[in-house]
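[1] Attaching a predicted model along with its sequence, questions to come.
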Amino acid sequence: MSFVSAAPTLASLREQAQRLPTNVSQANELPQIYLGFDQIEAQSRRIATKGAREAGTNGAQGNAYYLLASGGVNAAEYHQHVNSLDLQGTFEALDPLPDSDIEGHLRLQHEKTIISSMNEGRRDTAASFYRNLDGQMRDSWERQKEKLFEELGRHQPGASTSANTLETPRRSGAGGGFDRGSPITPAPSSSSQLQMQSRKMRYDVVIRRLNEARKGKYPFDLVKELGEASTGPGNDPKSKHMDEAWRLLGRLVKNRAADGSPIETPVTQRQFMEAYLVAAPESDSAVRLRSSICEGAREHLQEEFMAHVENTIKAQPLEANLGGDPSFQNKIRAYIDVKYKKHGAWTNPRLEIINKTPVWASMYYLIRTGHSQKALAFALENEPHIQKHEATFVTYFKKWLESPDRRLERQTRNQFLVEYNRRIKGNTDADPYKHALYKLIGRVDMERRNVPDVTKTTEDWLWFQLSLVRETSGDGDAARDRYGLRDLGRVLVDLGDNRLKPVLQFRVLLLGGEFERAIEFLHRQSQYQADAVHFAIALEYYGLLRIPSKPSPVGLLVEEGDPKVACINFSRLVHRYTRELVQWDPQEALQYLYLVCLNSDLPAPRGSEQTLLCHDYIRELVMETRRYAEFLGDVRADATKVPGMIERDISLINLDNKSSYTRDIVRQAAQRAHQEKRFDEAIMLYNLADERNAVISVLNMELGNSLNRPSVMSAAGGDRQYFQGATNGSIAAGAADDIVRTARGIFDHYGTAGIDPRNRQTCEILLHLKEAMVLHEQSQYDQALQAIEAVKIIPLTSALVDIIKAAEEFKELDEAIIRNFDHILLTTMDTIYQLHKTLKESPFGDASRQERMMDLRTKARSLMMFAGMLRFRLTSDTYARLTRMDVHVA
């Protein structure tokens, strides 16, 4: 057919387009498509763009004109007509406003303002929606990511040392020294796994005893106990290394005497917390603590070196030629002979031999083994011979040793520096031990804090660094001479952690006071994760472990402040450890979670945050294991309360009394169980917290939810007592396989005391409704209708007043009833319909049957009137189904 008439216009084309669907048969009716101006413009621009791209093809435009011309369309004329259109005044007023029409101008501006405000509001609303959506998605992802990393942290593989690990010389043979060996971490074998499990069990016993000591408020030598637990029976090399690390920690916290034995009065809980975690870094208490840590580290290295000296002498008795003199000076002389003398001649030509004795080496090694007074006695004994080479050295040496902080007075040090610069500095032929002694005494040339010919091993270098460390408050030293324990820690961090075997690197970081980095490094080694956790517990117990103010969702180590200070997430470290422990011993896992509250004494808000975190972990453990009676306690049928494990240990989790325990632990756990729809557990926990109204509220919610579910009970079984299913006569052990039996049992147990009457009334209504649902399922329609009429929330009488009253009282019903009201109405109408259907199909036609059918018809009409008053509270599907059944009852 022809598209347009002989003289087509835009108006005629539009009319013909609208009439097109009328020419289509009804069988193939097509829907009309309506496009807005924006859509028409967008499609036009797309067609124009496509046409512009195709304009370069030969004959494309001509073909288009030819196609349109065949239908009677003059494309050129329309093109010219469209281009002549002026759209600038499209949205202006149709009639021009005279200059004097102020009211019309204001009206127009008002309309523009409203439209502009609406558009701006729409844009702001959309932008706010997407911002909130993005923020919620990010928060949700952060929570999920933290849970993911928390889970992955339990399966973290050991970080074995890389293949290009350097081997620094380490001393072997010392009782507590740094053994030489391959730095590659071996894969754990079955025997090592058994030893690890055995060590964990010994650790568990110590932690339980620690918490008993905390409850009893008596001191506990935690380092000693954990050190003994780490060793155990057998000759496991790992246990030996761990024992050495525990002995080191004992020296750092001053829990061991100078001879390495435990002291009589151990350090108390959180003894160093104030100085390490609270006080300013330059305060006197912080300076004293760092000095004490440095001194302990130095003494530990001195003990190790003395053991190395004795083992060397024992290994080569002929070269040592110790004789019958067991003095320290003679042992040092024998060690030097073994090291530097061969066939009666000295192998190091730089050693200064005075009176047939290498005096500088002897004095250095006496100091190196911690016998400074014996070194002074040796110097005074050989003073005449020493003065021939260094006239004033013994004087400086004596003043340095007699000073409490090993410091020369300013004038004396200036004189000492003059002699050092003139005689020692730059002299490559000088005795290296003399050079080392001059550096120690005067702390000279601090830019080069090393004597390579003397400090050839890792422990020698560390001891030398610790001997140069000086902690001062304020501006005690010049900037170039300042070198404290924190500076040494930064040097150790800069050196990296791939130079030594894992345990040795851990000990190096401990010696440098980098406790947080040491724990994090050891925890990265899978075979030492359990040891890392217990080292962290020991440090936290004494107050020597920093925790971050804002934990990272990924790792354990966080750097905060300026300059950066390492902190470790102690709570996460312990929690990860308990995630494995809870699978086979939840009680021991609980003992570890108690330790999170060690940080509850920190200043606000971190102290309270750690307490809340500890409580969260404990609730999580309880909810996961579901050992409620064991952990939280129980209430027996005779109302006797049996305290649980946590209630007996409330002092360990910073709770003052039983009421705070109930509020912070039991009630919170009950609320969580309620939120997670764990019905039985919520009832048991609310009952344990003596929240009777909450128990009834949970019952109401579960009864309401059960109305839509098929029942598993018989109508006769609804009156059985709740407590009859208990294995030990307690609510915690009650069998709650039937909600009706549970509710009636709790009612019998509580009576009316402590229950809101409205809450109890709701529960009774729900019980009747549940009974009606069960009877309806069993096709006992007469009894079901009687049960529904008994609750008096659905008017089934013809009195309009009763129907209006019931509709007004509907809004006063509990949410558990309102939420299921569609189902209740449908069940009621179906009950009426089934009864009416049975009577209608009955072959008997007596008057009573007709009267009964009219009564059911009245009830159905009353129900429909009631439903009509609740029309907007019911779904359309519900109302339609009610109408269909009402028609059948007619």
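    Ah, there it is.

[2] and the end-to-end length of stretch 461-480?
    End-to-end distance for stretch 461-480: 20 Å, by CA to CA, to the nearest Å.

[3] The residue nearest to Lys425 when sequence neighbours are not counted sits in which helix or strand?
    For Lys425, ignoring the flanking residues on the chain, the nearest one in space by CB to CB, 6 or more residues apart in numbering is Asp445 at 6.7 Å. From N, CA and C alone the C-beta is placed, and that goes for glycine too. Here Asp445 sits in a region with no helix or strand, counting by DSSP states H and E.

[4] roughly how far apart are Asp445 and Asp460?
    Using CB to CB, to the nearest Å, we find Asp445 at a distance of 18 Å from Asp460.

[5] What is the neighbour count of the residue nearest to Lys425?
    Around Asp445 there are 17 other residues, counting by other CB atoms under 10 Å.

[6] Please apply the same query to Thr125.
    Residues lying near Thr125 (other CB under 10 Å) number 10.

[7] Check the one 4 residues further on too.
    Counted by other CB under 10 Å, the residues lying close to Phe129 total 10.

[8] Do you know the pLDDT at it?
    With respect to pLDDT, Phe129 scores 91.

[9] next one: the helix or strand where it lies to chain centre, how far?
    Element membership of Phe129, judged by DSSP H and E, is helix 102-152. Here helix 102-152 is found 31 Å from its chain centre; the criterion is CA atoms, centre = their mean, to the nearest Å.

[10] That helix packs against which elements?
    For helix 102-152, the packing partners by 3 or more CB pairs under 8 Å, 6 or more residues apart in numbering; DSSP states H and E come out as helix 570-581.

[11] Quick check: what element follows the helix it packs on along the chain?
    Downstream of helix 570-581, the next assigned helix or strand under DSSP H and E is helix 586-594.

[12] And for whatever helix or strand comes next after that next one, what's in contact with it?
    Using DSSP H and E, the helix or strand that follows helix 586-594 towards the C-terminus is helix 606-625. Outside helix 606-625, the residues that touch it by CB atoms under 8 Å, 6 or more residues apart in numbering are 547, 549, 571, 575, 578, 582, 586, 589-590, 593-594, 596-597, 599-602, 628, 631-632, 646, 653-654, 664-665, 668-669, 672-673, 676, 681.

[13] how about a cut-off of 6 Å?
    By CB atoms under 6 Å, 6 or more residues apart in numbering, the residues outside helix 606-625 that reach it are 571, 575, 586, 593, 596-597, 599-601, 631, 653-654, 664, 668-669.

[14] just stretch 834-841 next, same as before
    Contacts of stretch 834-841 (CB under 6 Å, 6+ apart): Tyr781, Arg849, Arg852, Met853, Leu856, Val889.

[15] Any buried residues in stretch 196-203, and which?
    Met196, Ser198, Arg199, Lys200, Arg202, Tyr203 (16 or more other CB atoms under 10 Å).

[16] which helices and strands does the helix or strand encompassing the third one pack with?
    Using DSSP H and E, the secondary-structure element containing Arg199 is helix 190-216. With contacts defined as 3 or more CB pairs under 6 Å, 6 or more residues apart in numbering; DSSP states H and E, the packing partners of helix 190-216 are helix 222-231, helix 586-594.

[17] what's the distance between the shortest one and the middle of its chain?
    Helix 586-594 has its average C-alpha position 17 Å from the chain's average C-alpha position, going by CA atoms, centre = their mean.

[18] other SSEs contacting that helix?
    helix 190-216, helix 570-581, helix 606-625.

[19] average pLDDT for it?
    95.

[20] Just want the angle from that helix to helix 570-581.
    Here helix 586-594 points in a direction 180 degrees away from that of helix 570-581 (axes from the mean of the first three to the mean of the last three CA atoms, to 10 degrees).

[21] ok, residues contacting helix 586-594?
    With CB under 6 Å, 6+ apart, helix 586-594 has contacts from Asp204, Ile207, Arg208, Asn211, Val574, Thr578, Leu581, Val582, Tyr617, Ile618, Thr625, Leu652.

[22] CA atoms only for it - export them in PDB, please.
    Provided in PDB are the C-alpha atoms of helix 586-594 (Å, rounded to 0.1, in the frame of the first residue of the first chain):
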ATOM      1  CA  PRO A 586      37.100 -25.800  74.000                       C
ATOM      2  CA  GLN A 587      37.900 -25.400  77.700                       C
ATOM      3  CA  GLU A 588      41.600 -24.700  77.000                       C
ATOM      4  CA  ALA A 589      40.600 -22.300  74.200                       C
ATOM      5  CA  LEU A 590      38.500 -20.400  76.800                       C
ATOM      6  CA  GLN A 591      41.600 -20.200  79.000                       C
ATOM      7  CA  TYR A 592      43.500 -18.500  76.200                       C
ATOM      8  CA  LEU A 593      40.700 -16.100  75.400                       C
ATOM      9  CA  TYR A 594      40.800 -14.900  79.000                       C
END
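
[23] So which of the contacts of helix 586-594 is the closest to Lys339?
    Of all the contacts of helix 586-594, Ile207 has the smallest distance to Lys339: 45.1 Å, by CB to CB.

[24] which residues touch the closest one?
    Gln591.

[25] Give me the neighbour count for Lys50.
    10.

[26] Please report how far it lies from Gln80.
    Relative to Gln80, and taking CB to CB, Lys50 is found at 21 Å.

[27] again, but for Arg576
    Applying CB to CB, the value for Arg576 to Gln80 is 79 Å.

[28] if we can go back for a sec, any chance of JSON lines for the helices and strands packed on helix 190-216, columns distance to Ala275 and mean neighbour count?
    Below are these laid out as JSON lines (distance: least, CB to CB, whole Å; neighbours: other CB atoms under 10 Å):
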{"stretch": "helix 222-231", "distance to Ala275": "18", "mean neighbour count": "22"}
{"stretch": "helix 586-594", "distance to Ala275": "25", "mean neighbour count": "23"}
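
[29] mind checking which of the ones you listed is nearest Asn74?
    Taking CB to CB, helix 586-594 is the member of the helices and strands packed on helix 190-216 nearest to Asn74, at 88.0 Å.

[30] Next, the angle helix 606-625 makes with the closest one.
    170 degrees.

[31] Torsion angles phi and psi at Glu559?
    Torsion angles at Glu559 (phi, psi; degrees, to the nearest 10) stand at phi -110, psi 130.

[32] is it in a bridge, and if so with what?
    Ala566 (DSSP bridges).

[33] For it, give its distance to Arg517.
    Separation of Glu559 from Arg517 (CB to CB) stands at 10 Å.

[34] These two: who's more crowded?
    Between Glu559 and Arg517, counted using other CB under 10 Å, Arg517 has the larger neighbour count: 22 against 14.

[35] if I pick that one, what's in contact with it?
    Leu509, Ala566.

[36] Secondary structure element holding it?
    Using DSSP H and E, the element containing Arg517 is helix 515-523.

[37] Which residue ranges of the protein form strands?
    Shown for the chain, the strands assigned by DSSP state E span residues 341-342, 345-346, 353-354, 357-358, 557-560, 565-568, 633-635, 641-643.

[38] can you list the residues that contact the first one?
    Just to be clear, that refers to strand 341-342. Taking CB under 6 Å, 6+ apart as the rule, strand 341-342 contacts no other residue.

[39] Go again with 10 Å.
    Strand 341-342 has contacts (CB atoms under 10 Å, 6 or more residues apart in numbering) with Glu319, Ala320, Asn321, Ala334, Thr347, Asn348, Leu351, Pro358.
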